[in-house]
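# Got a sequence here, can you build the structure:
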Amino acid sequence: MKTLFLTVAALALSTGFALAENPMVGGAAMLDSKNIIENAVNSADHTTLVAAVKAAGLVETLSGAGPFTVFAPTNEAFAKLPAGTVETLLKPENKAMLVKILTCHVVAGKADAATVLGMIQADGGKHVIDTVGGCKITAETKDGKVMLTDEMGNVSTVTIADVMQSNGVIHVVDTVMLPKM
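Numbering: from 1, shown residues only. Sure, this is the predicted structure:
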């Protein structure tokens, strides 16, 4: 047990999953005095996510007190979706589906890297995370990285962790997580 804990701790430090101060994201400083939306709008890597959050009407919610944990897909993550998907989701008639997809990236509460790794360890290597959108995401570590598997079997990698916000924490991910359809 002690060896497993030390391995997880070493993994956290070696992968950069546990950082002491906020990293730059999308070329912008992420200030822990700002909320999730205030920081996200400054990230050049998250313009699609910001547009989607606005279209879904979630700006006020994610600017609220929280705390929230957001697994924030990059523009490149959205670009992996089939051609035309983002444009279709941004249409007003598809708002309910957009809200469902986006809230599958949000967890009530603040789960920093140490918390996520602790849950994975406590559950024997995999931990199911319940999202605000009612989705279940399975977190595990593979090849020294934290991986998240959505209900459709898509696997996302946490590329930047522990981006602290005044109302929670963001973990940048490389794949959009989808609900079971």
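# Double-check residue 131 against residue 109; I have them as touching.
No - shown here, residue 131 and residue 109 do not form a contact pair, counting by Cβ atoms under 8 Å, at 11.1 Å. For glycine as for every other residue, the C-beta is placed from the backbone atoms N, C-alpha and C.
# ok, the two, which is more surrounded?
Set residue 131 next to residue 109 and count neighbours by other Cβ atoms under 10 Å: residue 131 wins out with 22 against 12.
# Now name the helix or strand holding residue 76.
Using DSSP states H and E, residue 76 sits in helix 75-79.
# same deal with residue 121?
Using DSSP H and E, the element containing residue 121 is helix 113-122.
# helices or strands next to that helix in the packing?
helix 2-15, strand 126-130, strand 136-142, strand 145-149, strand 155-165 (3 or more Cβ pairs under 8 Å, 6 or more residues apart in numbering; DSSP states H and E).
# Pick out the shakiest of those, pLDDT-wise.
Per-stretch mean pLDDT for the helices and strands packed on helix 113-122 is lowest at helix 2-15 (a mean of 38).
# could you say what helices and strands the helix or strand just after that helix packs with?
As assigned by DSSP H and E, the chain's next helix or strand after helix 2-15 is strand 24-25. For strand 24-25, there is no helix or strand it packs on, judged by 3+ Cβ pairs under 8 Å, 6+ apart.
# What strands line up against strand 24-25, and which way round?
Note on strand 24-25: by DSSP bridges, its sheet partners are strand 28-29 (antiparallel).
# And the next helix or strand past the partner strand?
Tracing the chain past strand 28-29, the next element assigned as helix or strand by DSSP H and E is helix 36-40.
# Report the next helix or strand after that next one in sequence order.
Sequence-wise, the next helix or strand downstream of helix 36-40 (DSSP H and E) is helix 47-56.
# Dump that next one to CSV, keeping only the CA atoms.
Only the C-alpha atoms of helix 47-56 are listed here, as CSV (Å, rounded to 0.1, in the frame of the first residue of the first chain):
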residue,chain,number,x,y,z
THR,A,47,-12.2,29.9,-27.9
THR,A,48,-14.5,27.1,-29.1
LEU,A,49,-15.3,26.1,-25.5
VAL,A,50,-16.1,29.7,-24.6
ALA,A,51,-18.4,30.1,-27.7
ALA,A,52,-20.1,26.8,-26.7
VAL,A,53,-20.6,27.9,-23.1
LYS,A,54,-22.1,31.2,-24.2
ALA,A,55,-24.4,29.4,-26.7
ALA,A,56,-25.5,27.0,-24.0
